[in-house]
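Q: need a 3D model of the following:
(chains A and B)
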Amino acid sequence: MIDWILLFSNAAQEIISPTTAAYALAAVGLAIHFGFTGLLNFGQAGFMMLGAYGFAIATLTFGWPVWAAILTGVVASIVFALILGIPTLRLRADYLAIVTIAAAEIVRLLFTTNTFEPITGSANGLQGYKGGFEALNPIPPGTYGFGPWVYNEYDWWVRIFGWGLVAIAAFITWRLFKSPWGRVIKGIREDEDAVRALGKNVYFYKMQSLVIGGVFGALAGMIFILPRSVVPSNYQTSLTFFIYAILLLGGAATVFGPIIGSVIFWVLLSFFSGFIARAVEVGWLPFLSNVQAGQLRFILVGVAIMLIVIYRPQGIFGNKKELAFVK
Amino acid sequence: MSSSAGAQGAPIKSTGLHIGEPAPGVKKVDPIIVADNITRTFGGLTAVQVEHLEIPRGAITALIGPNGAGKTTLFNLLTGFDKPDTGEWTFDGQGISGIPAFKVARKGQVRTFQLTKALGLLTVLDNMKLGAKGQSGESLARALFPWFWRKEEAEIEARAIDLLTRFKLDAKKDDYAASLSGGQRKLLEMARALMSQPTLVMLDEPMAGVNPALTQSLLDHILNLKTEGMTVLFVEHDMHMVRHIADWVIVMAEGRVVAEGDPHEVMANPAVIDAYLGSHHDEDLGDLDTGAMTAIKELADDDADEDKR
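A: From the prediction side, this is the model:
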């Protein structure tokens, strides 16, 4: 028989899981790029990867403290944004899409290659960088929580840190897009030339947007590696597409949409994968093997993205008049 | 409509703008733009080839010519939206050739577009506020701290609402610009340009696609710009409008300035007739461009009407 309580409790854990927080933060960054500025960034996985590796390498190879490690990841993502932006932001939006998707893959392959094995750990990735972060934990050892949410002190610290970052990023984004700066950015989304004709340095604004969203991506990459290790295969192009799914689900030109979108995405994904796995076990889906069942959830994600784009292009929180899948 | 000198009756024309005989490249008493030797080629086609051109200050200048004459290209060059192959020009005495469009706009030379660029998914009011220059809240660092720009924002909003009221768009201020009609978008684009308090307003076909009911109001707005001390340069195909409001007319054909002068005189210039009808206008009438024929006929009718008055 299927243990429904276990299924629901596993799904409920995703609501506050650090992975959900990481995806939410990356999606907020992408909302700045895609939803507000109209930049087609298909390389958010690359920004996350630079954040993750920047943090891990600064800790392991250079032995730097946590704050310097975080700064390393942030600086790496800023440099990456500048490298991507300087040649492409003067061109049409499509070029940025091509360049970002390629650049993210290049970054992933550079971290995977054996040449830099002593520093990057190649395909095995890196671990053992959490010491400094653990040492900062103010929570006394023990187990805390209620219902499905019972964790030890480190797990709680990761969750508090992760969601704290998400809250700060969301607040900054909300403030920015209520300001004249945000108005210029949204104007650029609508028509660059019109904004240029009004005396705004469009190129500079687009660069600022690319950098801010990219830094959020890098911070998301750091949250992402706190409950696991750094493995290059986690940062494939599909990661970017999941973040797009979250963004479109919540609403591309909203601040809270991507966050709620991430929660819904992970709760549903966890529930469905658990349900399908159990259903195969008890013989409800005789035509599926266990391996096939593991892939089925990603088919469901694809179907869900299509349904959103067709029937609710503005997402759950979006304003239908403002954003019908950008344009 | 408005209190402008121009409503319905004949607007007050500025005269005495030029020095010497009106001819292509004639010197102006007080030019706001002085351009020399501008060329722009697209592959083998020379789109613009202007040896010397001066735009008079404080007047309404029309830039006319048949399709493909290079009017919009010249516009794009002067506003920094396109780079010329050769050429130098000054605006208000400062050399601005080759500087990017946003810097040109900051110097007080603002333009509109042939295909209206209303920012559809911003509200009408936000469209207007975007037009204001030098907002401190537009810097990323200060954007986060509303107390730096809240007062300025309120002033800009007051100015925007004032302008919207003049353009009769105030009732629409909270609607998305995408919900406006074509004519209202033209009005919005012009009003938004005025938010930047320009000295030179460049309008690319302000009347294109505007219904006749709105035409008069747009004309009045353009005349108002002059009474407020701004210089206007516009591209237009509607000859009635050119004749009605322009103080000075520059005619382009095949990338060159072929004639300049007072609107009435310039229409009678053989070079202009050539430009509109083609230099083969003594050939079979059946081959003629009917649009150009109508334009010329309308002008002849206009002249007849005015003579009767």
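Q: tell me where the chain has helices.
A: Just so you know, I chose chain A. Using DSSP state H, the helices of chain A run over A:4-13, A:18-30, A:44-60, A:66-88, A:93-112, A:117-120, A:131-135, A:153-176, A:180-190, A:192-197, A:202-225, A:237-250, A:257-281, A:290-311.
Q: look at chain B instead
A: B:71-78, B:101-106, B:124-131, B:140-143, B:150-166, B:182-194, B:212-227, B:239-245, B:263-268, B:270-277, B:290-308.
Q: in JSON lines: these, plus mean neighbour count and distance to A:Asn41.
A: Quick note: C-beta positions are derived from backbone N, CA and C, even for glycine. Converted to JSON lines, the helices of chain B look like this (neighbours: other C-beta atoms under 10 Å in any protein chain shown; distance: least, C-beta to C-beta, whole Å):
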{"stretch": "helix B:71-78", "mean neighbour count": "24", "distance to A:Asn41": "29"}
{"stretch": "helix B:101-106", "mean neighbour count": "20", "distance to A:Asn41": "23"}
{"stretch": "helix B:124-131", "mean neighbour count": "26", "distance to A:Asn41": "24"}
{"stretch": "helix B:140-143", "mean neighbour count": "17", "distance to A:Asn41": "18"}
{"stretch": "helix B:150-166", "mean neighbour count": "15", "distance to A:Asn41": "30"}
{"stretch": "helix B:182-194", "mean neighbour count": "23", "distance to A:Asn41": "29"}
{"stretch": "helix B:212-227", "mean neighbour count": "18", "distance to A:Asn41": "41"}
{"stretch": "helix B:239-245", "mean neighbour count": "20", "distance to A:Asn41": "45"}
{"stretch": "helix B:263-268", "mean neighbour count": "18", "distance to A:Asn41": "52"}
{"stretch": "helix B:270-277", "mean neighbour count": "18", "distance to A:Asn41": "49"}
{"stretch": "helix B:290-308", "mean neighbour count": "13", "distance to A:Asn41": "46"}
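Q: close to chain B: what parts of the stretch 101-250 of chain A are there?
A: Residues of the stretch 101-250 of chain A lying near chain B by C-beta under 8 Å from any C-beta of the partner chain: A:172, A:175-176, A:178-184, A:186-187, A:189-191, A:193-202, A:208, A:212.
Q: one more pass at 10 Å, please.
A: Within the stretch 101-250 of chain A, the positions adjacent to chain B are A:171-172, A:175-205, A:208-209, A:211-212 by C-beta under 10 Å from any C-beta of the partner chain.
Q: buried subset of the residues you listed as a ChimeraX selection?
A: Those of those that count as buried under 16 or more other C-beta atoms under 10 Å in any protein chain shown are selected in ChimeraX with:
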select /A:172,175,176,177,179,180,181,182,183,184,185,186,187,188,189,190,191,192,193,194,195,196,197,198,199,200,201,202,203,205,208,209,211,212
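Q: still on that earlier bit, to B:Glu88, which of the helices of chain A lies closest?
A: helix A:192-197 (22.0 Å; C-beta to C-beta).
Q: and that closest one, what other elements does it pack with?
A: Applying 3 or more C-beta pairs under 10 Å, 6 or more residues apart in numbering or on different chains; DSSP states H and E, we find helix A:192-197 packed against helix A:180-190, helix A:202-225, helix B:101-106, strand B:109-111, helix B:124-131, helix B:182-194.
Q: whatever residue of the stretch 201-309 of chain B ends up closest to chain A and B:Thr79, how far apart?
A: Residue of the stretch 201-309 of chain B nearest chain A, by C-beta to the nearest C-beta: B:Met202 (9.3 Å). Distance, B:Met202 to B:Thr79, by C-beta to C-beta, to the nearest Å: 6 Å.
Q: who has more neighbours, these two?
A: Between B:Met202 and B:Thr79, counted using other C-beta atoms under 10 Å in any protein chain shown, the more crowded position is B:Met202 (24 against 21).
Q: leaving out chain neighbours, which residue sits closest to the more buried one?
A: B:Arg111 (4.1 Å; C-beta to C-beta, 6 or more residues apart in numbering or on different chains).
Q: same question for A:Met48.
A: A:Gly221 (3.4 Å).
Q: from what I see, the one you found and A:Tyr235 are in contact.
A: Yes: assessed by C-beta atoms under 10 Å, A:Gly221 is found in contact with A:Tyr235 at 8.1 Å.
Q: joint contacts of those two?
A: A:44-50, A:52-53 (C-beta atoms under 10 Å, 6 or more residues apart in numbering or on different chains).
Q: okay, those residues in TSV with pLDDT and neighbour count next?
A: What follows is those, written out as TSV (pLDDT from 0 to 100; neighbours: other C-beta atoms under 10 Å in any protein chain shown):
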residue	pLDDT	neighbour count
A:Gln44	96	31
A:Ala45	96	27
A:Gly46	96	31
A:Phe47	97	37
A:Met48	97	35
A:Met49	96	31
A:Leu50	96	28
A:Ala52	96	32
A:Tyr53	96	28
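Q: next, format the residues you listed as a markdown table and append distance to B:Val242.
A: Below are the shared contacts of A:Gly221 and A:Tyr235 laid out as a markdown table (distance: C-beta to C-beta, whole Å):
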| residue | distance to B:Val242 |
| --- | --- |
| A:Gln44 | 52 |
| A:Ala45 | 57 |
| A:Gly46 | 55 |
| A:Phe47 | 54 |
| A:Met48 | 58 |
| A:Met49 | 60 |
| A:Leu50 | 58 |
| A:Ala52 | 64 |
| A:Tyr53 | 64 |
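Q: ok, residue 47 - contacts?
A: Because you didn't say which chain, this covers chain A. With C-beta under 10 Å, 6+ apart, A:Phe47 has these contacts: A:26, A:29-30, A:33, A:41, A:73, A:76-78, A:80-81, A:84, A:100, A:103-104, A:107, A:210, A:213-221, A:235, A:240.
Q: um, chain B though
A: Counted by C-beta under 10 Å, 6+ apart, B:Ala47 has contacts B:39-41, B:68-74, B:76-77, B:82, B:84-85, B:254-255.
Q: good, we can wrap up now.
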